[in-house]
Structures are given as C-alpha cells and as structure tokens.
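Trainee: Okay, predicted coordinates and the sequence, questions at the end:
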Amino acid sequence: MKAIRRAASLAAALLLAGCAVLQPGTPPEPSRNTAVLALLDKAQAQSSAGQLEAADASLERALRIEPRNPFLWQELARVRLGQGQYRQAENLAAKSNALAGEDKRLRAENWRLIGQARSRRGDQKGAQAAFERAKGE
Amino acid sequence: MAKRRRPKKRFLISFALAGALLAAAYTVYLDFTVRARFEGKRFALPARVYARPLELYPGLQLSPAELITELALLDYREAPQPREPGTYHWSSDALDLTTRPFVFADGPQEAAALRVEFAEGQVSALIDRGDGQSLQLARLEPALIGGIYPGKNEDRVLVKLDDVPGHLVDALIAVEDRRFFSHHGIDPRGIARAVIATASGDGVQGGSTLTQQLVKNFYLTAERTLRRKFTEMVMAVLLEAHYSKEEILETYLNEVYLGQDGNRGIHGFGLAAPFFFDKPLSRLDISEAALLVGMLKGPTYFSPRSHPKRALERRNLVLAQMAETGVITEQQWRSARATSLGVVARPSRGTSPYPAFLNLAYRQLMRDYRDEDLRSEGLQIFTTLDPRVQHSAESALSKRLARLEKNRGMKTGTLQGALLVTSTQNAEVQAVVGGRDPRFEGFNRALDAQRPIGSLIKPVVYLTALQEPQSYTLATLLDDSPLVLQQPGTDDWAPLNYDKEFHGEVSLRAALVNSYNVPTARLGLALGVPRVMANLRRLGIERELPEHASSLLGSNALSPLEVTEVYQTIAGDGFRTPLRAIRAVLTAEGEPLQSYPLNVEQEIEAAPLYLLTAAMQDVVREGTARELGAYLPADLEIAGKTGTTDDFRDSWFAGFTGDRLGVVWVGRDDNGPTGLTGASGAMTVWADMMAGLNPAPLILPEPENIERVWIDPVSGLLSDEGCRDAVELPFISGSAPTEAAPCGPRSLGGSIKGWFERTFGR
C-alpha cells in the first residue's frame, strides 16, 4: 500500500515537475535545477529497486548542488528508514522540516516519516504525537 | 681392501644423497619464497587520495578559466580534436573535452565526449558530443591529491606491459640485458664475465640479467657476496620457470627505483614518467624513454634535475646502444640525440600539494583503518577537498598576511594563520590551510594550534540565554556597568569592554552585535558557566575544558578545527554533522569498502538558533564585522563573529554564507601580540577568500514559532514601525514584550506620532 502511495506520489511529483511551467499554482516542484531533478529521479529509482546505498549516493550528489533543498533531505530520510536507521530517519526528516518553510504538504510528510521511524523503534506514543502533527499541518 | 672400500663408497653415496637432499630442500625453500612473494603482494601500494570530482550541470557558477584550471589539475592536454580521453579544446564559446573512464564509489563511469557552453559566468548547456543530446549532469574524474605511503615512502603507479611504449622496452633490453628473451634467468656469458672480473680481484660485479636484478630488488639485500650471487641465480632460474617473460618484465618495470621527491621515493616507470615529463608513460617518446632507462644505473648520480649534463650523456649512450642493436633507425637516433632532456621543472611536492588537508583525511581514516593497510593496500580514498576553494583559501591567507605585515610595518614572516572551509549543510571539509606556506608538511595550525578563542565563545553564551525564551529575548536589557567577581582563592575578576567604557543598559542583541564583554560575562554568570560549557559540547567540542568565569569570554584554547565543529552546528541550523573529509573508500580493485553517509543530529532547537543567527547577521550588518561590507555585498546576509584576545595575540573570524562556513585564525607562533583585532586580521583573510567563490546569500528558513515585533531598543519595550529608532526583531512566539514604550502601539502619543510619521514621513 505504502509502496503504491509512494510510487503514486513519485509519479505525481515527476508529472508536476514536467508540467509546472504549464500549470501555475500547482505545488512547488522539488527543484528548478535539472541536474538535481535527474539525481532525485535516479535516487528514487534506486530506492524502488532496493539499492539504498546507491540511492544515498545519488541524493548526496544532489545535496551538494542544492544543500538547502528540503525535498532531498526528506528523500534521504526515507532511504534511512528503509535502511532501518530510524533515529537518523527522524533527524533527517526534522532537518527537512527546518528547511521546508511554508510548505505544509512537505512538513506533513516529514511528520509522517518521523511517526513511522518512531513507531518502528518502538516509541508508539511519540509516533502518535508525530502523526497528530502531520494531520495538523 | 675391497671390503674396506665398500663402506667408504656407501658413505660417499649417502653423503652425496644427503647433500642433494639438502640442496633440493634449499631449492624448494627458495622456490617457495620466490612464488609466495611474486604471487602475493608484489608491491606495497600507497593509498591514493582524490579530491572531490567536479560535477558539471547547467546553472553551475563556473567560468571557462576555472574549468581549464580544473582540467590542468587532471593533466588534460589541449588538442585540436579532443577525441582522446583527457583532452580538451577551447573555442570562442564552448569547451569540448573527453573525460577519462573512472571507477567512482557508486560505480564505473565511461569516458564521455562533452561540450560545455558558458554564459554569464555559468555553465549554460552541457552536450554529449556523441549524439548531440543535451545532458543534465556530467562528472569529471577527481584529481589525485596525494598518497599515504609505505614506511619507506615508496610511491608508484602500476602499469601493464601493454601500456608501456615499445621503445622503452627496447631501450631497456638493449642496455641492461640483450638476451633477456632467450635466456632462462641467468646469462652464462654474463656470468663468465662476472666470474673473471671477480677472480681478477675487481670485486663481485655485473652480469645480472633483468630477472636477477628483479630478484635482488625483491628479495635480497644489497650485500655483495658470492653466496648471495649464487642464491640470486637460483632464484632467477626458478622465477623464470614459473612465470612468463612478460610477467617478469612487467614486474621489473613497476619495481625499479628511479628517483626521489622530497621524502617520497619514485618507484616504477609508471610514476617516473609523470614525475619527470608530466605525462603518462604511454606517451613517452624515444629520447624520454632512453633517459629513464639510462637512469637505472644510478638514479641520483644520473638525475636529470640535479645533473643534467651527466644525464644527457648517459641518455645519448643509451640511444647509441639502441641504434647499435637496431631497435631504432639511424634517422631516429639522430633526431632523438638532438632533443633536449625535456624534463619539466617543478617544485618538490613531497607527498601531497595539500599536506594540511591530507593530514585531516589521514586522521579521519585512522578511526577505521590500520596504518599499515593505508600504506600498502592501494586503497582509493575519495575526499571532500575542493581544489578551487583550497586555492582561494591558500592565496587569501598568504597574500593577506604579507600585506598586513607590510601595511603595519611588521617584520616579514612573523604573522601566521590557519583556516578551514566547510559546506554548511553537509559538513564536508572543502579546504584546510595549516599555515602561510601551504606546501609545508610540518606543524598544521588548522588542526594542532590551540589558541584562546576570545569572543568566538559569545554566540554560545547568547544561545544558552535564548533557549530560555521566558527569561531572555533579543530585546532583553542587559546590565553593562562595572562588574567585579570575587571568588575565594582567586584574584578578583573585573572584565572590561574593548572600548574600556560601560554602556549602561544594552539589549542582548546589541551586546552580541558590539561584542561587549561585561554584559556577556554577567549574562553567562547568571546562566551558569557549566550550562554554557555544556552547550559548547553539544555544539561539537568533544573534550573536557576547564570551566572558569573567564571561559565566558573565551579564555579556553581551541584549535581552528574545533571552532569549525562548533560553528558548523550553528551554520547547519542546529543540526550537528561531524566534519567529514572522506566520502568513500574503495579497494585497489575498485570494490566499495566503506562509505561515510551523511548523518545529522538535531542538537539545538530551531527557534533559539534562528534568533542567534539573525543577531550574527547583525554583527556583520552593523556590528564588529561591519567592515566586511567593504569586501562583500550586503545582500549576502552573512552571519559571523569576530574574536580578539588579550593584547591582540589572536585574531579570529568565523562566518558563514548560504553555502560555506569559514573559520580563520591569525596570530604568531611565539604567541606575541600582533596588533590585529578579529576584524582587521582574520576577517580580511576570510573576506578575500570568500570573494573569489561566488558565495550564496544566507536566507534563513524561519521556524514556525517565530514572530516579528517592532521594539524600542532603548527600553526593550513594544514599539511601532513608525517610531524613532524602532527595530523589527524576531521572537519565539509568546516571548515578545507586552508592555509598550511611549511610542508603542497602545500608547496615545505613540499612535498619533506614529500616524504622523507614517503619513508625512520623518
């Protein structure tokens, strides 16, 4: 289910990235830099193929180009979640939040990631609080 | 009689048998040694250390000149048709190049023929010259910046026989061992010559085949006895029995010693070619090959750098022997003989052009690897060094220090300095300069000089206060009147401000912006020294420091590296990432061994850190670092802090833009006074360095619980936009003052006055 949702949101993001020029008013695309978009794309493909270390490397390349891009930090949090590094996932999602500014959608997703990370390391109460924050965004 | 002879005969037979057995056992032993050494680790291969690879993409801030500088670092050469890997060609509007294939930590990358177009100081387009398609991204191979060498500091670049020019092999055979391809490890005629020479009292000498020379280099000491000579011959025969001529020759070419570069021994032709001619072995011409082969006889005696005349004679002798054996034509001989030595002049680079950075990388590697593995396994180390940033940092430091000395009438060479540059978000170390001579391999001030940090501690004191929004905000008034701290057993402590004045009541923001000592000390004492020091540890200092009242004004000594750790966490929005000099390590074969993934740890909440950073931007806008405006545009919104210690012994500046953090220390090795403040010394170095790097503006993301309120700075109370001197300050939600100043929004006079001023201007 999650995979489908992720794939759907990925597809949506890519579609939006492609159509952003045509459709003003749509949520912001992850970047205006085509190199960053290409690397994010690659990282997401690597993630779906289970190549998490490769995805990590691609995201770090992208982050060197746009170090303050919250979408990249969020994707890195997702990779760490997949790697079972829950505390890191939580910290990286928090980092994404710190850079997210007004983007409520992004913040909500970060709180969901934080919730998942907490839940998987057994902190159900903390997870619940994070999911509440996600709803509140 | 016959009876008697029998036992003697039997004895002789058994003696002979035992002898044969012993000889056989010895041979088996030698055989085992030869094979084990040849099969196993033939060479101790130093770890090779690479800079970051340059990523090219449309929108990258990069001039054609900067790209060409990078290509020079990679030994690219100009060619009218740059089809070969490692070549480029610049035409009026674009740079065509062909990259070399390279194995990165994330996999191999093929050679690519690219066209890079530029516009307005940026890369405007990137095109694959193969199919004409535009590309989003291309990565150049990284520059080799040094090695971590075996104990004897042997360096080599392994080559395959196929990559060795034929004329080099021809020269070698002609001079050293003409019957190499026909003998079986030893050359009887050579031995005969050697025996006669030895017997006639000329000492043990000559007659060695290439195989014997290899054996000698490989397994034996320089001892010259007949027994050693015999062992050498047996081993040479054994080597030939097991391995092909090609394998032996290839190993020989990689083994031999050919020169010295500072403390680094140059081994093998693969390294000697770039060392002497600045080009790969495959591209050596006949005369160059002959020169190297000639040097084998005595690399120091025939060194073309120290003894060019001798080297030239020796080279011509080699050329003559090549002509004599017919491997070159008469014509080739004539023209080769007429060329100059062709050796490039270059300063000794020792083990790296960036010893201070390599030093940091080595220390980080030592956490995960054994020293001997770093020096022998041929590991490939991918670092974060950015040569462009490094060069900018080096030249800023050395030029500015020379200028400061000149302008202030100081003795030349008395000032020293160090600096580090990192990227603010991922904590990669882009440059390390350990002193004004960046090539010097000795004392690395960036890592090892520990100096009192003075006012660089203040942001930590103020951060500790701002973490208590119910007690402290940027508008809180602090007491700047004489302070005497009396503690039993110590002298009274009475800190003074830099201007030797007291300013009455000053806002917390103003106290930081103007770097006032007295209110800082009073604030720190109210908060408690241990709490401030605990925050310093959270920000990145891992060792225990003495905790005194004077710690609040920076009496503790830290290295520039440690200061960078602390400011890294501030520049990284409160997220701590230990500084990283290494990205990944691969084995000699290109297998990933270890990566150092980006990890962050939130140490400081977003809101207080935001307030602190906003105040540090004011330090540059209007405070002790305002002179920075003379060097860099104001819209970069740089955040920074100056630091000056007693009697002007240490001059510090730590500051960050949207993308980079730089920490600079300037002072003297003998700890004498320099007369420099943080602003007049270290900050000018920082400014020169950043000016060359297209800094990104620092646009702080505002945390959600921040509100902006107009404040009367004198009273610290609520004011209004139109009121005189009112400033708009950020507050953590709910912490802003509620009481209004006379011109505040809820005061009658204020609202009328405010309305008046808004309507008619001031």
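Mentor: Perfect, I can see it now. Computed from a predicted model, the values in this text were never measured in an experiment. Numbering: from 1, shown residues only, chains lettered A, B, ... in the order given.

Trainee: Name the nearest residue to residue B:723, sequence neighbours excluded.
Mentor: residue B:743 (3.6 Å; Cβ to Cβ, 6 or more residues apart in numbering or on different chains). Just so you know, the C-beta spots here come from the backbone N, C-alpha and C atoms, and that holds for glycine as well.

Trainee: If you could redo that for residue B:291, that was the one I meant.
Mentor: Residue B:291's closest residue in space is residue B:315 (Cβ to Cβ, 6+ apart), at 4.3 Å.

Trainee: One more: residue B:356?
Mentor: residue B:434 (3.3 Å).

Trainee: looking at it, the one you found is touching residue B:446, isn't it?
Mentor: Yes: using Cβ atoms under 8 Å, residue B:434 makes contact with residue B:446 at a distance of 4.7 Å.

Trainee: Can you pull the residues that touch both of the two?
Mentor: B:356, B:418 (Cβ atoms under 8 Å, 6 or more residues apart in numbering or on different chains).

Trainee: Just checking: what are the partner strands of the helix or strand hosting residue B:664?
Mentor: Using DSSP states H and E, residue B:664 sits within strand B:660-667. Looking at strand B:660-667 with DSSP bridges, its partner strands are strand B:416-423 (antiparallel), strand B:650-656 (antiparallel).

Trainee: Kindly check the end-to-end length of stretch B:535-553 for me.
Mentor: 15 Å (Cα to Cα, to the nearest Å).

Trainee: hmm, back to that, just say which of the strands paired with strand B:660-667 is most tucked in.
Mentor: By mean neighbour count, with neighbours taken as mean count of other Cβ atoms under 10 Å in any protein chain shown, strand B:650-656 ranks first of these at a mean of 29.

Trainee: And it, how far out from the chain middle?
Mentor: Put simply, strand B:650-656 sits 21 Å off its chain's centre (Cα atoms, centre = their mean, to the nearest Å).

Trainee: Pull that strand out as CSV, backbone CA atoms only.
Mentor: Extracted C-alpha coordinates of strand B:650-656, given in CSV (Å, rounded to 0.1, in the frame of the first residue of the first chain):
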residue,chain,number,x,y,z
ASP,B,650,44.9,36.1,18.5
SER,B,651,42.7,37.4,15.7
TRP,B,652,39.7,35.2,14.8
PHE,B,653,36.8,35.3,12.5
ALA,B,654,34.1,32.7,12.0
GLY,B,655,31.4,33.3,9.5
PHE,B,656,29.0,31.7,7.0
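
Trainee: From chain A, how far off is the closest residue to residue B:103 other than its chain neighbours?
Mentor: The shortest distance from residue B:103 to any residue other than its chain neighbours is 4.0 Å, reached at residue B:590 (Cβ to Cβ, 6+ apart). Distance of residue B:590 to chain A, given as Cβ to the nearest Cβ, to the nearest Å: 15 Å.

Trainee: and what of residue B:293?
Mentor: 44 Å.

Trainee: now for the one helix or strand that residue maps to, which elements pack on it?
Mentor: Residue B:293 is located in helix B:286-295, with elements delineated by DSSP H and E. The contact analysis (3 or more Cβ pairs under 8 Å, 6 or more residues apart in numbering or on different chains; DSSP states H and E) places helix B:286-295 against helix B:166-176, strand B:257-261, helix B:269-277, helix B:308-324, helix B:330-338.

Trainee: check contacts around residue 99.
Mentor: In the absence of a named chain, this looks at chain A. Per Cβ under 8 Å, 6+ apart, neighbours of residue A:99: A:68-70, A:73, B:573, B:701.

Trainee: um, chain B though
Mentor: Residue B:99 neighbours (Cβ under 8 Å, 6+ apart): B:85-86, B:109, B:111-112, B:114, B:138, B:140-141.

Trainee: all strands for the stretch 51-200 of chain B, in order.
Mentor: Assigned by DSSP state E, counting those that start in this stretch, the strands in the stretch 51-200 of chain B fall at B:55-56, B:77-78, B:87-91, B:94-98, B:102-104, B:107-109, B:113-119, B:122-128, B:138-139, B:144-148, B:154-156.

Trainee: and of those, who's closest to residue B:381?
Mentor: Closest to residue B:381 of the strands of the stretch 51-200 of chain B is strand B:144-148 (Cβ to Cβ; 7.7 Å).

Trainee: Okay, now the sheet partners of that closest one, with direction.
Mentor: Assessed with DSSP bridges, strand B:144-148 is paired to strand B:47-50 (antiparallel).

Trainee: For the partner strand, give me every contacting residue.
Mentor: B:142-148, B:352, B:358, B:361, B:365, B:374-375, B:377-383.

Trainee: same thing with stretch B:18-32?
Mentor: With Cβ under 8 Å, 6+ apart, stretch B:18-32 has contacts from B:231, B:234-235, B:238, B:242.

Trainee: give me phi/psi at whichever residue of the stretch 251-400 of chain B sits closest to chain A?
Mentor: Distances between the stretch 251-400 of chain B and chain A by Cβ to the nearest Cβ are smallest at residue B:384, namely 9.3 Å. When read as degrees, to the nearest 10, the backbone of residue B:384 gives phi -100, psi 0.

Trainee: Who does the nearest residue to it once chain neighbours are set aside form a beta bridge with?
Mentor: Counting by Cβ to Cβ, 6+ apart, residue B:384 lies nearest to residue B:428, which is 3.8 Å off, once chain neighbours are set aside. Beta bridges link residue B:428 to residue B:580 when assigned by DSSP bridges.

Trainee: Tell me how many other residues surround residue B:428.
Mentor: If you count neighbours by other Cβ atoms under 10 Å in any protein chain shown, residue B:428 ends up with 26.

Trainee: sorry, back to before: is the residue nearest to residue B:291 in contact with residue B:341, as I believe?
Mentor: Yes: assessed by Cβ under 8 Å, residue B:315 is found in contact with residue B:341 at 7.3 Å.

Trainee: Which of these two has more residues huddled nearby?
Mentor: residue B:315 (26 against 17).

Trainee: wait, isn't residue B:709 in contact with residue B:728?
Mentor: Yes: here residue B:709 reaches residue B:728: they are 7.1 Å apart, a contact under Cβ under 8 Å.

Trainee: Please say which of these two ends up with more neighbours.
Mentor: When neighbours are counted by other Cβ under 10 Å, residue B:709 and residue B:728 differ, and residue B:709 comes out ahead with 20 against 10.

Trainee: near chain A at all, the helix or strand harbouring the more buried one?
Mentor: Using DSSP H and E, residue B:709 maps to strand B:706-712. No: contact of strand B:706-712 with chain A (Cβ under 8 Å from any Cβ of the partner chain) is absent, the minimum separation being 11.6 Å.

Trainee: Tell me the gap between that strand and the middle of its chain.
Mentor: Worked out by Cα atoms, centre = their mean, strand B:706-712 lies 45 Å from the chain centre.

Trainee: For it, buried residues please.
Mentor: Buried residues in strand B:706-712, defined by neighbour count with 16 or more other Cβ atoms under 10 Å in any protein chain shown: B:706, B:709-712.

Trainee: circling back to that earlier point, any idea how far chain A is from the residue nearest to residue B:723?
Mentor: Residue B:743 is 32 Å from chain A, by Cβ to the nearest Cβ.

Trainee: still on that earlier bit, just the buried members of the contacts of stretch B:18-32?
Mentor: B:231, B:234-235, B:238.
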